[in-house]
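[1] Here's a sequence, model it:
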Amino acid sequence: MYHPFSIADTIKTAWKVIKENYVILIVFTMVTFLGEMAKDALSVYFSQYSVTAQILGAQIISIVATYLTLSFYKLLLTLIDKEYYEFEFKDILPSFKMVCYAVLIVIVFRIIYQTLLFIDFRIVKNGFLLYFLLLVEAIAIVYFLIRLIFCLCFIVDDDSGPLESLQQSFAITKNNFFKLLSMVLIVFGFVALILLVVNGIITIFVEQNKALDAYLIEFGAILWFAITFPTVQVAIITTYRKLVYSHKDVDDDVSETL
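    Okay, the predicted model is just below:
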């Protein structure tokens, strides 16, 4: 049975995915965390060398980060779409072509962002014009990020090219901008709430034992990442899947077709 896109239904589905697959999500989150540590180590390593080496290092880091993100997306899509089927490890590995497509999109977005920074820097002395431009840029960035946020999902799900994935993301988010904005605010609210809770707990223990200050803060950061990272990713993928089914006017629950 067809269901229009609903925030409440999306959150319910996201919670179901987390609840039924929390072990897999925790393991993959730890793998991602190790990947982030490797990225930081590579960044420090390449910073010792020439500008050319630093640029090369930045691209390698970008590829590593993109590969981890696409792998997580493929895993989540597999868990959602193959709930009643068996899948192999190779099913969650993105192809080299997918990584190249995603990196290309990231590079284009980075160029656009750097261009905006350059424009802002050129008019920094004109206070009113700068503030007005920053406001316009902020609104435009939020709008296009929400409209294009699912481009990577289409790359791993439909094997779409860079331009096609952007067009597909724009298509499924049509007429749902404010619902998606509300979803983003809910997710950010959850992330902020978890940060406050973890920070409060760590603060209590730090006050009781100053010697463990650094270790407790590091543990708190890891705990916050372990909770929020998979939650945010699951929210993105379940929202994407709901929008796709809603856009195609087909069943959004595999169980309803069995």
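[2] Going along the chain, name the helices of this protein.
    7-20, 22-46, 51-81, 96-122, 127-148, 151-158, 162-172, 177-208, 213-248 (DSSP state H).
[3] need the ones you listed in CSV with distance to Lys90, mean neighbour count and mean pLDDT, can you?
    Yep, even glycine has a C-beta here, placed from its N, CA and C like the rest. Shown next, in CSV, are the helices of the chain (distance: least, C-beta to C-beta, whole Å; neighbours: other C-beta atoms under 10 Å; pLDDT from 0 to 100):
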stretch, distance to Lys90, mean neighbour count, mean pLDDT
helix 7-20, 21, 15, 90
helix 22-46, 15, 14, 80
helix 51-81, 10, 17, 81
helix 96-122, 14, 14, 87
helix 127-148, 29, 13, 88
helix 151-158, 14, 23, 92
helix 162-172, 22, 18, 93
helix 177-208, 30, 14, 87
helix 213-248, 19, 18, 86
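[4] my guess is Thr173 meets Leu180, correct?
    Yes. Contact status for Thr173 versus Leu180: in contact at 6.1 Å, counting by C-beta atoms under 8 Å.
[5] Identify the contacts common to those two.
    Residues within reach of Thr173 and of Leu180 at once, by C-beta atoms under 8 Å, 6 or more residues apart in numbering, are Ile146, Ile149.
[6] At the geometric centre of the chain, which residue do we find?
    Gln233 (5.6 Å; C-alpha atoms, centre = their mean).
[7] Quick one: residues contacting Ile60.
    Going by C-beta under 8 Å, 6+ apart, Ile60 touches Leu42, Phe46.
[8] Over to Ser182?
    With C-beta under 8 Å, 6+ apart, Ser182 has these contacts: Ile7.
[9] The one 5 residues further on now?
    Contact analysis of Val187 by C-beta under 8 Å, 6+ apart lists Thr231, Val232, Ala235.
[10] Distance to His247 added to the residues you listed, as JSON lines?
    As requested, those are exported to JSON lines (distance: C-beta to C-beta, whole Å):
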{"residue": "Thr231", "distance to His247": "24"}
{"residue": "Val232", "distance to His247": "22"}
{"residue": "Ala235", "distance to His247": "18"}
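[11] All good on my end, thank you.
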